[in-house]
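1. fold the stuff below for me.
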Amino acid sequence: MIKNALEYIVGLGRPETVNINDREYSTEKLNPVLEPTASTLRVTTLDALIDYIKSKVDVDMVQPELIHVESPTSVKLYSPIYGDFQQRECYIAAEPLLPEIQFGRFMDSEKFIISMQSKFEKTDDLEAILKIVGNIKEEAVKNVGDDGISQAVTVKTGIAKVENVVVPNPAVLKPFRTFTEVEQPESKFIFRMQSGPEMALFEADGGAWRTQAMKNIKAYLEKELRGCEVNVIA
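-> This is a model prediction of the structure:
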């Protein structure tokens, strides 16, 4: 293939070259003619990727394959390096179907409760927040005594009785942000409320959850693919 490409270039006329420090450089950009590859198969679960590897539908694993955990939401299976241009072929890519979670945006109590119950795993702090939000008195959020960490709000404790409570901060929560086959990484969130009442969650772990999620994915794949000729990196 390289010979044919060179013959094609020669037929069009050889690109001009310059010599710098006894090394020859082309004055024009040349794009290599790569080996053809199959289109990447796309799935939404880690189990589908595992089944593909174990079934050997398309791949005869004579040489070890490579699984790259690119992010908490992207895992790809690559072939070994081959060809004159050192290519890798991506056989299959897994990307989970995840709910959209809006962090850093205030919303009314009904939308907030639905989001918390449907897009988060249960934790003690989740239940505490839901208890506060579900019993908050209309227009009751107090800014007095707000030190930037804790915040006082007024909630109903009975049919007519109300009292001030302190909102837990930071709250440790487990939103669905990676593949459901692995444990969702917990991380800290700042929970804030304002008049309306409206509430919001703000991420407060500096993105450390991503590293933990990738470690969880790597551990799960290594366990499920034990005995297979495949390497996992994250």
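
2. how is the protein carved up into domains?
-> Structural domains assigned to the chain are 1-33, 38-97+206-234, 107-203, following automatic domain parsing.

3. export those domains to a markdown table and append columns for mean pLDDT and mean neighbour count.
-> All C-beta atoms are positioned from the backbone trio N, CA, C, and that covers glycine. As requested, the domains of the chain are arranged in a markdown table below (pLDDT from 0 to 100; neighbours: other C-beta atoms under 10 Å):
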| stretch | mean pLDDT | mean neighbour count |
| --- | --- | --- |
| domain 1-33 | 69 | 9 |
| domain 38-97+206-234 | 90 | 15 |
| domain 107-203 | 77 | 16 |
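
4. quick check on residue 94: phi, psi?
-> Residue 94 adopts backbone torsions of phi -110, psi 130, taken as degrees, to the nearest 10.

5. pretty sure it contacts residue 44?
-> Yes - between residue 94 and residue 44 there is a contact under C-beta atoms under 8 Å: 6.9 Å.

6. the chain: helices as residue ranges?
-> Counting by DSSP state H, the segments of the chain that form helices are 2-12, 46-55, 109-119, 124-134, 208-224.

7. how far off centre is the third one?
-> Averaged C-alpha coordinates place helix 109-119 at 21 Å from its chain's average position (C-alpha atoms, centre = their mean, to the nearest Å).

8. by how many degrees do it and helix 124-134 diverge?
-> Note on geometry: by axes from the mean of the first three to the mean of the last three C-alpha atoms, to 10 degrees, helix 109-119 and helix 124-134 are set 160 degrees apart in direction.

9. same deal with the second one?
-> Interaxial angle, helix 46-55 versus helix 124-134 (the same axes, to 10 degrees): 150 degrees.

10. residue contacts, the residue lying closest to residue 108 once chain neighbours are set aside?
-> Using C-beta to C-beta, 6 or more residues apart in numbering and skipping the chain neighbours, the partner closest in space to residue 108 is residue 198 (5.8 Å). When contacts are counted by C-beta atoms under 8 Å, 6 or more residues apart in numbering, residue 198 touches 106-109, 112.

11. ok, 7 Å please
-> Applying C-beta atoms under 7 Å, 6 or more residues apart in numbering to residue 198 gives the contacts 106-108.

12. among these, which one lies nearest to residue 64?
-> Set against residue 64, the nearest of the contacts of residue 198 by C-beta to C-beta is residue 107 (48.1 Å).

13. tell me the bridge partners for the residue nearest to the closest one when sequence neighbours are not counted.
-> Once flanking residues are discounted, residue 107 sits nearest to residue 198: 6.2 Å by C-beta to C-beta, 6+ apart. Counting by DSSP bridges, residue 198 forms beta bridges with residue 108, residue 194.

14. ok, residue 198 to residue 224 distance?
-> 43 Å (C-beta to C-beta, to the nearest Å).

15. same thing with residue 36?
-> Plainly put, residue 36 is 31 Å away from residue 224 if you go by C-beta to C-beta.

16. do residue 185 as well
-> Here residue 185 is placed at a distance of 19 Å from residue 224 (C-beta to C-beta).

17. next: residue 90.
-> Distance from residue 90 to residue 224, by C-beta to C-beta: 20 Å.

18. what residues does the closest residue to residue 120 other than its chain neighbours make contact with?
-> Leaving aside its chain neighbours, residue 120 sits nearest to residue 175 (5.0 Å; criterion: C-beta to C-beta, 6+ apart). When contacts are counted by C-beta under 7 Å, 6+ apart, residue 175 touches 101, 119-120, 184.
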